[in-house]
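S.K.: Attaching a predicted model along with its sequence, questions to come.
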Amino acid sequence: MLVADKLQFAYPGASPYSFSLLAHPGTVTAISGASGSGKSTLLDLLAGFLAPGAGRLALDDVNLLPLPPERRPVSLLLQSDNLFEHLSAADNAELGLARDLPRQERRAKVAEALAQVGLAGFEAKPASMLSGGQKQRVALARTLLRDRAVLLLDEPFSALDDETRGTIRNLVADLTAQQRWHTILVSHHGDDIAALATSHYRLEAGRLQRA
């Protein structure tokens, strides 16, 4: 279980945030709130991009706070897929793998991950030729290859049309259950929250409240 307990942060001259939440493996925990309410600050604290002034952050009783971002068991998927347009789907997905694996093993793992997200046969296709939904699938394949227990989603479906949005939402739900991810979804969209979330928090006045 992922536990944030009174995780505090304050910007200069602003009121402090204090975040407490629980996220269980294999489930999606949704975070909603108005623009500027602190949703991105919360994700940055979980990922390690910001250091809290106080509080606790642990995964299965392992303290995450001393760990830098690159050593935390956390992946981040944004509204932008963050792919390199000149690289192929396989090369983009492969960025999620450790560099010390033999090339043949790396390519086999990449092909398996792309197949798992419905992109078998797309290995050589440049990212510049992929649709928005296909790019998010590649980003999810990269997340699979990173094999990290916590997935942070920051408005990941906003740039997609309604049909593609539903397909990628279902894929996220399936992968979360299969991989036992602790998935944290930040979204303004009630449909995304209703379709995915096992639990829902609203950010109000710098605090997380059960919705």
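M.R.: Perfect, thanks for sending it.

S.K.: Where do the helices of this structure begin and end?
M.R.: Per DSSP state H, the chain carries helices over the ranges 39-47, 89-94, 103-116, 132-146, 162-179, 190-196.

S.K.: Of all the ones you listed, which one is nearest residue 65?
M.R.: helix 39-47 (9.3 Å; C-beta to C-beta). Just so you know, the C-beta spots here come from the backbone N, C-alpha and C atoms, and that holds for glycine as well.

S.K.: would you put the C-alpha positions of the closest one in PDB?
M.R.: The C-alpha atoms that make up helix 39-47 are tabulated as PDB, following Å, rounded to 0.1, in the frame of the first residue of the first chain:
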ATOM      1  CA  LYS A  39      -2.600  18.600  -7.800                       C
ATOM      2  CA  SER A  40       0.700  19.000  -9.600                       C
ATOM      3  CA  THR A  41       2.500  19.700  -6.300                       C
ATOM      4  CA  LEU A  42       1.200  16.500  -4.900                       C
ATOM      5  CA  LEU A  43       2.400  14.500  -7.900                       C
ATOM      6  CA  ASP A  44       5.800  16.200  -7.700                       C
ATOM      7  CA  LEU A  45       6.100  15.300  -4.100                       C
ATOM      8  CA  LEU A  46       5.200  11.600  -4.800                       C
ATOM      9  CA  ALA A  47       7.700  11.500  -7.700                       C
END
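
S.K.: Got the domain ranges for this protein?
M.R.: Per the record, the chain has its domains at 1-73+148-211, 82-147, by automatic domain parsing.

S.K.: and these as CSV, adding mean pLDDT and mean neighbour count?
M.R.: Shown next, in CSV, are these (pLDDT from 0 to 100; neighbours: other C-beta atoms under 10 Å):
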stretch, mean pLDDT, mean neighbour count
domain 1-73+148-211, 93, 17
domain 82-147, 90, 18
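
S.K.: dump the residue contacts of the residue nearest the centre of the chain.
M.R.: Compute the mean C-alpha point of the chain, and by C-alpha atoms, centre = their mean the closest residue is residue 152, 2.6 Å away. Residue 152 sits next to 43, 46-47, 74-77, 184, 186 when contact means C-beta atoms under 8 Å, 6 or more residues apart in numbering.

S.K.: Distance to residue 211 added to the residues you listed, as JSON lines?
M.R.: JSON lines is the format used below for the contacts of residue 152 (distance: C-beta to C-beta, whole Å):
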{"residue": "43", "distance to residue 211": "18"}
{"residue": "46", "distance to residue 211": "19"}
{"residue": "47", "distance to residue 211": "23"}
{"residue": "74", "distance to residue 211": "23"}
{"residue": "75", "distance to residue 211": "25"}
{"residue": "76", "distance to residue 211": "23"}
{"residue": "77", "distance to residue 211": "22"}
{"residue": "184", "distance to residue 211": "14"}
{"residue": "186", "distance to residue 211": "13"}
